[in-house]
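**Q** what's the 3D shape of this:
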Amino acid sequence: MNSRARQDSLLRLLRRRGNLTVGDLARDLGASRRTILRDLATLREQGFHLHADPGPGGGVHLDAASVQLTARPSVTEVFALLISVATMKSAGLLPFADLADSGLSKIERGLSAEKTHDLRRMLASLHVGAISPLQDLSDLGTIDPCLLPAFEYAFLQMRHLRFMYRDARGRETAREVEPQAMLILHPLWYLVGWDPSRSDFRHFRMDRISGPEVVEDRGFRRRHVPFEADICPFREMERRGKRGAD
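**A** Residues are numbered from 1 along each chain as shown. This is a model prediction of the structure:
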């Protein structure tokens, strides 16, 4: 677990369980007491109000008010929130859409100019559409939690993305593509990449991707992704003789 993920987990523990000793936090997070103390110092520097009560029964607790004032979401986290809301709205599953949009706009206003620029670039790569009723969903799996952060970095830095991919027949192969866009057809999510070996766009179901890795020494140029109003890889395969999707 990297330091950012560990510190986020530390804050979640304090929010949910209240008063915890440094020993409790170290045990629950699988870290040393020294690491936890260093994380607590870092969080205090970021503005979180953390208090420590000495003696038996004492421990560390978080002032709940400081969470609302100082939490700084990353571009990936805001992007995940935005695409989740967009997906739910598209599927007609979000009865409080206006409230969700209002809350997200407040989060967006808290971003720096640089993060706002990155977020706009990522949102420009996103397309939400309708899934074909003929699409087979019997093998729907879970998405690797490392995939969205890897996509964000590779997309913004214009670096190739390498991963293992399992096709519809269960065969696993190594792939390397230029990550150009994301396509969401609830409940399926696709990574749209330009495959240099085939000189064509490919659609990869994100629940079939594992082990994503950014290739730092291989860059690319941004390409126009030819999304149609109702693009669906299932229909694309029929139109293009099963050449455009995996």
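**Q** all helices of this structure, in order?
**A** 3-17, 22-29, 33-45, 64-70, 75-90, 97-109, 113-124, 147-157, 233-239 (DSSP state H).
**Q** can you put these in CSV and add distance to Glu172, mean pLDDT and mean neighbour count?
**A** C-beta coordinates here come from the backbone N, C-alpha and C atoms, glycine included. Listed next are the helices of the chain as CSV, based on distance: least, CB to CB, whole Å; pLDDT from 0 to 100; neighbours: other CB atoms under 10 Å:
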stretch, distance to Glu172, mean pLDDT, mean neighbour count
helix 3-17, 27, 86, 15
helix 22-29, 33, 91, 16
helix 33-45, 36, 89, 15
helix 64-70, 42, 58, 11
helix 75-90, 26, 81, 18
helix 97-109, 37, 79, 12
helix 113-124, 28, 88, 14
helix 147-157, 16, 93, 20
helix 233-239, 19, 52, 16
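**Q** for the ones you listed, which one sits closest to Gln135?
**A** Across the helices of the chain, Gln135 has its closest neighbour in helix 233-239 (4.8 Å, CB to CB).
**Q** quick one: contacts of stretch 221-228?
**A** Ser125, His127, Gly129, Met158, Glu178, Gln180, Ala181, Leu183, Val192, Trp194, Phe201 (CB atoms under 8 Å, 6 or more residues apart in numbering).
**Q** buried ones only from these, please, as a PyMOL command.
**A** Remark: buried members of these, expressed as a PyMOL selection using 16 or more other CB atoms under 10 Å:
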select buried, resi 125+127+129+178+180+181+183+192+194+201
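**Q** nearest to Asp139, out of the helices of the chain?
**A** Asp139 lies closest to helix 233-239 among these, at 13.9 Å (CB to CB).
**Q** residues contacting the residue positioned nearest the centre of the chain?
**A** By CA atoms, centre = their mean, the chain has its centre lying nearest to Leu148, at 3.5 Å. By CB under 8 Å, 6+ apart, the contact list for Leu148 reads Thr76, Phe79, Ala80.
**Q** now do the buried residues in stretch 180-198.
**A** In stretch 180-198, counting by 16+ other CB under 10 Å, buried: 180-186, 188-194.
**Q** need the max-distance pair from those.
**A** His186 and Trp194 (24.5 Å).
**Q** most widely separated two among the contacts of stretch 221-228?
**A** Gly129 and Met158 (24.9 Å).
**Q** pull up the pairing partners for the longest strand belonging to the chain, direction included.
**A** When the chain is parsed with DSSP state E, its longest strand is strand 172-185. Strand 172-185 has its sheet partners listed here by DSSP bridges as strand 126-128 (parallel), strand 159-166 (antiparallel), strand 188-195 (antiparallel).
**Q** between those, which one is nearest to Asp98?
**A** Once the strands paired with strand 172-185 are compared by CB to CB, strand 126-128 is nearest, at 17.9 Å.
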